[in-house]
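Engineer: coords please:
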Amino acid sequence: MKIFIVSRGVPSKKNVTLGIFEFDQAKALSEAGHDVVVLSIDLRSIRRKRSWGMRSYVQEGIRVEEMNLPIGAVPKSLLIKIGTPALKKLLKVAISKYGEPDIVHSHFYDISYMTKNALAGRYKHVITEHSSLINSEISAGQIRKYGSMYAKADLVIGVSGAFCRRMDSLFGINTICINNIVDTDIFKIKSHGREGDSSKPFKFITVANLTANKNVELVVEGFSNLVKEGKNVELIIVGDGKRRAYIESRVEKLGIGKQVKMLGKVDREKICRSLSMADCFVLTSNSETFGLAYIEAIASGLPVIATKCGGPEDFVTEENGLLISRNNMDELVESMIYMYDNAQNYDSEKMSNEISHRFCAENIAEKIIEAYKSIAK
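Structural biologist: Presented below is the predicted three-dimensional model:
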């Protein structure tokens with residue numbers, strides 16, 4: 001099967017997460033024996049330095065046709081107006097080089113809207129939606145606009161059960177749930193934190209973009225309660241973002257600077273090493289369409305504390321962690337104390353094996369291929 005995957009970018013050393021979900025799928029489908037080409041349309045700001053215009057290259061065995069245009073934060077209507085002809089050009093180049101696709105698979109609503117316009121109904125169009133916009137207060141105009149796009153697609157995929165139900169309710173469509181791939185080859189069990197030595201500090205870790213939605217400041221506030229109780233604890237915060245300065249100020253004001261380490265934005269290998277240093281993962285997101293960071297932590301053998309925010313309900317169980325209400329300080333502190341006392345009782349190997357099997361590339365690729373076959377008739 002010849003598959004064109006339309007992406008908002010491709011991971012690089014400068015930005016390891018750009019287009020990571022799309023590229024992981026491309027690799028998995030290629031490894032399953034399919035003919036895969038990534039069409040990357042990067043419309044980020046001019047501040048994101050890169051080569052402008054079109055280029056072709058191969059990354060990790062995947063052929064990439066890429067268009068870089070310095071657009072940035074413009075109204076969505078203008079973004080789509082500029083992006084659609086650019087994507088048409090990419091599509092034309094890809095077809096001339098590799099032949100016509102059996103499936104064109106786009107990710108995220110803006111890229112998918114451009115793809116719908118560029119295809120004009122000529123090829124089978126699959127959309128995978130990940131965007132947190134869907135979980136926010138979406139306007140009636142957006143519901144009409146994107147609902148029309150989803151209705152015209154041959155298949156719409158959501159990345160978690162709760163997210164699919166939200167989409168079906170908003171747009172009157174029938175989505176299917178196929179989770180994102182988690183790189184389980186990287187996130188494996190290694191030595192963890194205290195390893196039964198109570199003289200060492202118990203280490204909590206959170207990995208997130210430091211935005212209001214991720215609500216890491218609540219983790220900091222909850223953690224400070226354990227410090228005040230005299231517990232031997234540390235908190236590792238991995239990530240960067242607009243809320244970093246505020247979070248740092250709260251750490252200072254709460255007097256917990258010695259117990260909190262802020263590592264900033266790091267690559268996946270460093271995330272893996274950081275997880276191996278910890279005893280429990282905690283993240284109090286307001287909304288998640290999937291919850292990749294939680295899954296990576298469980299795959300590393302860590303029990304997790306997660307909020308009931310859309311994604312984690314699909315995979316966090318009593319065997320691998322705790323689910324708490326959003327913005328509930330009492331539940332958070334209670335859960336952190338529970339983990340401090342009981343994290344060593346979780347079966348790290350069983351947790352890791354189960355989550356790794358569920359989200360591994362081979363299994364997700366198989367589900368995607370079955371979905372393609374359902375519309376190929």
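Engineer: element containing E234, please.
Structural biologist: strand 233-238 (DSSP states H and E).
Engineer: now for that strand, which elements pack on it?
Structural biologist: strand 202-207, helix 216-228, strand 260-264, helix 268-276 (3 or more CB pairs under 8 Å, 6 or more residues apart in numbering; DSSP states H and E). From N, CA and C alone the C-beta is placed, and that goes for glycine too.
Engineer: what's in contact with that strand?
Structural biologist: 201-208, 210, 216, 219-220, 223, 226-227, 247, 256, 259-266, 270-271, 274, 277-278, 340 (CB atoms under 8 Å, 6 or more residues apart in numbering).
Engineer: who does it pair up with?
Structural biologist: Strand 233-238 pairs in its sheet with strand 202-207 (parallel), strand 260-264 (parallel), by DSSP bridges.
Engineer: Quick one: distance of the shortest one to the chain centre.
Structural biologist: It stands for strand 260-264. In this view, strand 260-264 has its centroid 21 Å away from the chain centroid, taken as CA atoms, centre = their mean, to the nearest Å.
Engineer: Check stretch 330-339 too.
Structural biologist: Taking mean C-alpha positions (CA atoms, centre = their mean), stretch 330-339 and its chain are 25 Å apart.
Engineer: list the buried ones in it?
Structural biologist: For stretch 330-339, burial by neighbour count (16 or more other CB atoms under 10 Å) applies to 331-337, 339.
Engineer: rewinding a little: got a quick PyMOL command for the buried subset of the contacts of strand 233-238?
Structural biologist: What follows is the PyMOL syntax selecting those of those that are buried according to 16+ other CB under 10 Å:
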select buried, resi 202+203+204+205+206+207+208+210+216+219+220+223+226+227+247+256+259+260+261+262+265+266+271+274+278+340
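Engineer: Looking at the strands paired with strand 233-238, which is nearest to D347?
Structural biologist: strand 202-207 (18.5 Å; CB to CB).
Engineer: The closest one vs helix 216-228, what angle?
Structural biologist: 170 degrees (axes from the mean of the first three to the mean of the last three CA atoms, to 10 degrees).
Engineer: State the mean pLDDT of strand 202-207.
Structural biologist: Taken as a whole, strand 202-207 has a mean pLDDT of 98.
Engineer: In terms of helices and strands, where is the residue nearest to D24 when sequence neighbours are not counted?
Structural biologist: Leaving aside its chain neighbours, D24 sits nearest to I181 (4.3 Å; criterion: CB to CB, 6 or more residues apart in numbering). Using DSSP H and E, I181 sits in no helix or strand.
Engineer: Give the burial count for I181, as a bare number.
Structural biologist: 23 (other CB atoms under 10 Å).
Engineer: so it touches F21, yeah?
Structural biologist: Yes. Using CB atoms under 8 Å, I181 is in contact with F21, at 7.4 Å.
Engineer: Is E66 located within a helix, as I assumed?
Structural biologist: No. Using DSSP: H, G, I helix; E, B strand; the rest coil, the secondary structure at E66 is strand, not a helix.
Engineer: what's the burial count for it?
Structural biologist: By other CB under 10 Å, neighbour count at E66 equals 21.
Engineer: Please look at it and V58 and confirm they touch.
Structural biologist: No. Between E66 and V58 there is no contact under CB under 8 Å: 11.4 Å.
Engineer: if we can go back for a sec, nearest to L39, of the helices and strands packed on strand 233-238?
Structural biologist: Across the helices and strands packed on strand 233-238, closest to L39 is helix 268-276 (CB to CB), at 23.9 Å.
Engineer: So which elements touch that closest one?
Structural biologist: strand 202-207, strand 233-238, helix 292-299.
Engineer: And that helix, how far out from the chain middle?
Structural biologist: 16 Å.
Engineer: No further questions, thank you.
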